[in-house]
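Undergrad: Quick check, what structure comes out for this input:
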Amino acid sequence: MIPKVIHYIWLGGNQLPKTYSDCIKSWEDYAGDFEVKIWDEKNYRAHFGTDDFVESMLNKRKFAFAADYIRCQVLFEFGGVYLDTDMELVRSIEKLCLHVAFLGEEDINKPSCGILGCQPKFWLFGELMQAVKNANGLFTIPELLKNILDERQIARKDSEDITTIQDVTIYSEKFFYPYNPYGSAGRVQLLYRYVSKDCYAIHHWGKSWSLSFTQRLKRKLLKIMRRK
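TA: Sure thing, here's the model as predicted:
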């Protein structure tokens, strides 16, 4: 079983916005018997020491990329459930802990990382942690996750809302991402009326990462080179 621990990350020392605080309060309602662990700079260094990649991203104030690495590291080390601070729970997540590992799609064939869960030492998050470090801030963690899943031929079957392959359980978007302002054409969902009884959580899309022009150019060149 997945340990009943919720991990979340808050870097930079700023006060949590009200929306995020409200989301965290929802965890008490639907995961009240879970231990909740916050990973800030102090707690991270106390347990893991200093990591060159994490320190580099922190110094550049690229907190989201530091958080990408940290979420993989704590999941690989401890197991449990990772939640973005803008992830609101709307029903109990206890059943999710019966899996070996789980994640959700935000759109068709597009895995996301706002909620992730696994048993300790699960291979996926060891590989993803290394991929985040190798990418050095040029690619987002959902892109890197998709690359790993594609290489392993792990994908949700279109005929199923939930698919388990190689101990990775993938949920369709209705479970964690019921509305998506960034969805594919014809599938953009903005209103809460799309939330179904199957929904565990609602992602509020409080994006905290951005890529500079130089980074966007580098990643475009890398994608072109990969096709050759």
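
Undergrad: ok, Gly206 to Thr19 distance?
TA: From Gly206 across to Thr19, the span is 7 Å (C-beta to C-beta, to the nearest Å). Yep, even glycine has a C-beta here, placed from its N, CA and C like the rest.

Undergrad: what touches both of these two?
TA: Both Gly206 and Thr19 are in contact with Asp86, where contact means C-beta atoms under 8 Å, 6 or more residues apart in numbering.

Undergrad: Not counting its neighbours along the chain, what's nearest Gln73?
TA: Among residues not flanking Gln73 along the chain, Met129 sits closest, at 5.5 Å (C-beta to C-beta, 6 or more residues apart in numbering).

Undergrad: Check the secondary structure at that neighbour for me.
TA: helix (DSSP: H, G, I helix; E, B strand; the rest coil).

Undergrad: start the count at 55, not 1, going forward
TA: Sure thing, new numbering starts at 55, so read that last one as Met183.

Undergrad: so it sits right up against Glu131, yeah?
TA: No: look at Met183 against Glu131 with C-beta atoms under 8 Å: they stay out of range, at 9.8 Å.

Undergrad: More neighbours: these two, which one.
TA: Met183 (22 against 16; other C-beta atoms under 10 Å).

Undergrad: all helices of this protein, in order?
TA: 72-84, 95-102, 106-113, 117-132, 177-189, 195-205, 227-230, 267-281 (DSSP state H).

Undergrad: Quick one, which of these gets closest to Val59.
TA: In terms of C-beta to C-beta, the element of the helices of the chain nearest to Val59 is helix 117-132, at 6.4 Å.

Undergrad: and the angle from that closest one to helix 95-102?
TA: 40 degrees (axes from the mean of the first three to the mean of the last three C-alpha atoms, to 10 degrees).
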